[in-house]
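Enquirer: structure for the following, please:
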Amino acid sequence: MSTTTRRGLVLAVAGVALAATACGTTHDNAPGASSGAGPAAQACKGPGGKFTIGMSQANLAEPYRVRMDDDIRTAAASIPQFTVNFADAAQDNAKQVEQVSTFLTQKIDLLIISPNEATPLTGVVKKAYDQGIPVLVLDRKVDGDAYTSFIGADNVDIGRQAGQYFKEHLLPQGGKIVELKGLAGSTPAKERADGFAAGIAGSGITIVGTADADWLRDKGQQQADALLKAHPDAQAIFSENDPMAEGARLAAQNAGKAALPIVGIDGLPVPEGGIKAVEAGRLSATFIYPTGGAEAVAAAKKLLIDCGQVAKAQTLPTRQITKDNATQVYAELNQGS
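Expert: Just a heads-up that it's a prediction; the model follows:
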């Protein structure tokens, strides 16, 4: 892909994300919203092409991320032009940077990445984008806008909905709660916390203690145990994902608080996921957080095979899951599977 063939094309549509343009146009200037969609246009070879996609996963210790990879694998299996190579960074920023760099050396046609943390991965994502490789960022963001498209749910809104659930259903008279947060440098951790704070604003609910549990069940149990010992008067727990919430349930049981209300986020429609945890009564509620795997493969097809356009941001829908709808939603999401 010679740099001499690159030409810039700026598309600005009332604040809507930039899209990939038709074949034959590429970019030379600053990446992101001001640079157009050159990488996608340059990479497109049409239906007769063969494409290698690199999928850089933050870790596979979280069930959510295993499901994300599975969703990508399943969707890509129906597109014979695609070969997807997967890498697991195991929550190691340096390892993820190295793995993406290896993908670039291998001359991949498109990069899908769910960054472990935003800032440490920004540089290598920009490097891929500047080399003319379309980049789809899933779930967790990077700094700046040097990527083709971000695909994920609105974490601020999900956090706000969780806060409103506490305010309207769990503690309508106010009360004290503790909060388990995800990996500190990942964008969903901050956004969910910000949204939750907005959701409980003016409610009389006080967050008396917080702890980072890195999205992991075991660490969620350890941190919840410490929080409940430090704040024995806590009346509920908000966990930024379901595995930490399940760990918190074990801590609550060990503390003699088996009925303590606990709310999580993810809502995976699998036997060990959050929807079943709500159905079984281990969690009071959860919120569906789509993996974006199928949507990423669809975007890759549009960019590489159809020579089409994708939005700079694709916001995926969420849904509140409680005991009232858990069984129904689980069945709906598993139809045909």
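
Enquirer: CA only for contacts and neighbour counts going forward, please
Expert: Noted.

Enquirer: show me where pLDDT drops low in the stretch 1-150 of the chain?
Expert: Applying pLDDT under 70 to the stretch 1-150 of the chain flags the ranges 1-41.

Enquirer: in it, what residue spans correspond to strands?
Expert: For the stretch 1-150 of the chain, applying DSSP state E, counting those that start in this stretch gives strands covering 51-57, 82-88, 110-114, 135-138, 149-153.

Enquirer: distance to residue 328 and mean neighbour count added to these, as JSON lines?
Expert: Below are those laid out as JSON lines (distance: least, C-alpha to C-alpha, whole Å; neighbours: other C-alpha atoms under 10 Å):
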{"stretch": "strand 51-57", "distance to residue 328": "31", "mean neighbour count": "23"}
{"stretch": "strand 82-88", "distance to residue 328": "33", "mean neighbour count": "18"}
{"stretch": "strand 110-114", "distance to residue 328": "30", "mean neighbour count": "26"}
{"stretch": "strand 135-138", "distance to residue 328": "28", "mean neighbour count": "25"}
{"stretch": "strand 149-153", "distance to residue 328": "22", "mean neighbour count": "25"}
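
Enquirer: dump those strands to a markdown table, plus distance to residue 243.
Expert: As requested, these are exported to a markdown table (distance: least, C-alpha to C-alpha, whole Å):
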| stretch | distance to residue 243 |
| --- | --- |
| strand 51-57 | 18 |
| strand 82-88 | 19 |
| strand 110-114 | 18 |
| strand 135-138 | 20 |
| strand 149-153 | 18 |
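
Enquirer: residue 245 is nearest to which of those strands?
Expert: strand 149-153 (19.6 Å; C-alpha to C-alpha).

Enquirer: between strand 110-114 and that closest one, find me the angle.
Expert: Relative orientation of strand 149-153 and strand 110-114, computed by axes from the mean of the first three to the mean of the last three C-alpha atoms, to 10 degrees: 30 degrees.

Enquirer: which element follows strand 149-153 toward the C-terminus?
Expert: helix 155-165 (DSSP states H and E).

Enquirer: show me how far that next one is from its chain's centre.
Expert: Centroid displacement of helix 155-165 relative to its chain, using C-alpha atoms, centre = their mean, to the nearest Å, is 15 Å.

Enquirer: ok, and the closest non-adjacent residue to residue 148?
Expert: residue 135 (5.1 Å; C-alpha to C-alpha, 6 or more residues apart in numbering).

Enquirer: show me the contacts for that neighbour.
Expert: 110-113, 125, 128-129, 147-149 (C-alpha atoms under 8 Å, 6 or more residues apart in numbering).

Enquirer: same check, this time on residue 75
Expert: 293-294, 297-298.

Enquirer: in helices, which of these appear?
Expert: Counting by DSSP state H, these place 293-294, 297-298 in helices.

Enquirer: just name the closest of the residues you listed to residue 64, please.
Expert: Using C-alpha to C-alpha, these come closest to residue 64 at residue 293, 10.9 Å.

Enquirer: where's the residue nearest to residue 148 relative to residue 267, distance?
Expert: To residue 267, residue 135 is 27 Å away according to C-alpha to C-alpha, to the nearest Å.

Enquirer: which residues touch the spatially most central residue of the chain?
Expert: Nearest residue to the geometric centre of the chain (C-alpha atoms, centre = their mean): residue 139, 2.1 Å. Residue 139 is in contact with 114, 150-153, 188, 291-292, counting by C-alpha under 8 Å, 6+ apart.

Enquirer: need the residues you listed in CSV (columns: distance to residue 170).
Expert: Putting the contacts of residue 139 into CSV (distance: C-alpha to C-alpha, whole Å) gives the following:
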residue, distance to residue 170
114, 33
150, 34
151, 31
152, 28
153, 24
188, 23
291, 28
292, 30
